[in-house]
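S.K.: all I have is the shape, not the residue letters:
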DNA sequence: GCCAAAGTAAAACGTTCGTTGTACAGTTGC
DNA sequence: GCAACTGTACAACGAACGTTTTACTTTGGC
């Protein structure tokens, strides 16, 4: 019976996601992870440590599900993610919003910044492979569409992905030789 | 010296915005509002009541700054808002993420839903006035761009508005008679 | 001048928080 | 078989939470 750090973190992630960070007590977390208070503290050190670990795990888990080689496929990855995880808006954005009160402000901000940088560079790579060249403007626009889809999916539902797909293809086609 | 409910709510709004809802204690709020505990409770009833009141005030304040008659102008409104208020991602999204733990879940969800509906219908009206007809697809795409700009502005800065503007104009021009 | 209305300060309420301490059980490897 | 390790259960810590209470001050209209 492992009860490893990894298992604990994986169990706590959905709890933070659904109820927020500051609002979730250690009792709820130990119960969700099915471990004693002592064990959780041995492995994670503190609630702040657990929070950072959860965000790191989330980041790795998210990017490991992103196998896309085009932005349209990235939206399919997002669609699948939302089907499996639900849509409550970007967890990293929400974590950042509670960061300083979490007394883990520095650690949280670091992971959030890393997530955002990785997302940007992922989209940047997709743009290069689709357009055959770097295009920072297009990359920023697609980043906005991706983040917008993530946010709006919480109230538009699957329609958010459809609209994002449409907007993205429009942006990517811009500048193509006219076919009329 | 009024110390009215309105003043209290206005003073508490930036505190919630900067530090989160669950994480902000009543001491911090009374201090920010410069009122005694007793007065705050007399006017707002509870932390849950204050939370809902703050979100309602935020909604009215935000929409009253939106004087746009085109989506591009709406992005200018957003740009000005962000310059004045800072960019920490949509407060309503963050509030919803803490809603059930706030024990004001129902009230918060109601205001958040109302905000989102009003945003959608505002954009819908702009689309009608720009295209001369309803277009739900374009409206959804612009909503995504608006929400995406709101989110990404917290790390892209003013560049987020520029990219959103570019994406939006592309989406709005789509279908126009070709000029080549 | 006085009575309400509305404010203040400060202590106390019981609860819950994050965290630590104590005492004990199960497994593993040599 | 006996360390060493890793886990559990559970009580306890002080601090902070949201809220209420008590007692007092200020203010404005009639």
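M.R.: Arrived safely. What you see is a predicted model; the values in this text were computed from it and never measured.
S.K.: where in chain A is pLDDT low?
M.R.: Low-confidence segments of chain A (pLDDT under 70): A:1-3, A:103, A:179-180.
S.K.: for chain A, which helix is longest?
M.R.: For chain A, the helix with the greatest residue count under DSSP state H is helix A:105-131.
S.K.: quick check: residue A:63 touching residue A:118?
M.R.: Yes: if you go by CB atoms under 8 Å, residue A:63 and residue A:118 touch, sitting 6.2 Å apart. Every residue, glycine included, has its C-beta placed from N, CA and C.
S.K.: next, the buried residues of the longest helix of chain A.
M.R.: Buried positions in helix A:105-131, judged by neighbour count with 16 or more other CB atoms under 10 Å in any protein chain shown: A:107-108, A:111-112, A:115-116, A:119-120, A:122-124, A:126-127, A:130.
S.K.: same list, these, but only the ones touching chain B.
M.R.: Counting by CB under 8 Å from any CB of the partner chain, residue A:116 from the buried residues of helix A:105-131 sit close to chain B.
S.K.: of all pairs in the buried residues of helix A:105-131, which one is the farthest apart?
M.R.: Using CB to CB, the two most remote members of these are A:107 and A:130, lying 35.2 Å apart.
S.K.: where does residue A:35 sit: helix, strand or coil?
M.R.: For residue A:35, the secondary structure call by DSSP: H, G, I helix; E, B strand; the rest coil comes out as coil.
S.K.: what is the burial count for it?
M.R.: A total of 18 residues lie near residue A:35 under the criterion other CB atoms under 10 Å in any protein chain shown.
S.K.: one more: the one 3 residues further on?
M.R.: The tally of other residues near residue A:38 (other CB under 10 Å) stands at 9.
S.K.: how about the one 4 residues further on?
M.R.: For residue A:42, the number of neighbouring residues by other CB under 10 Å comes to 12.
S.K.: residues contacting it?
M.R.: Residue A:42 is in contact with no residue at all, counting by CB atoms under 8 Å, 6 or more residues apart in numbering or on different chains.
S.K.: what strand or helix carries it?
M.R.: Using DSSP states H and E, residue A:42 falls within helix A:37-44.
S.K.: in chain A, which spans are helices?
M.R.: Using DSSP H, helices in chain A cover A:5-19, A:26-33, A:37-44, A:47-64, A:71-85, A:91-97, A:105-131, A:136-156, A:159-173.
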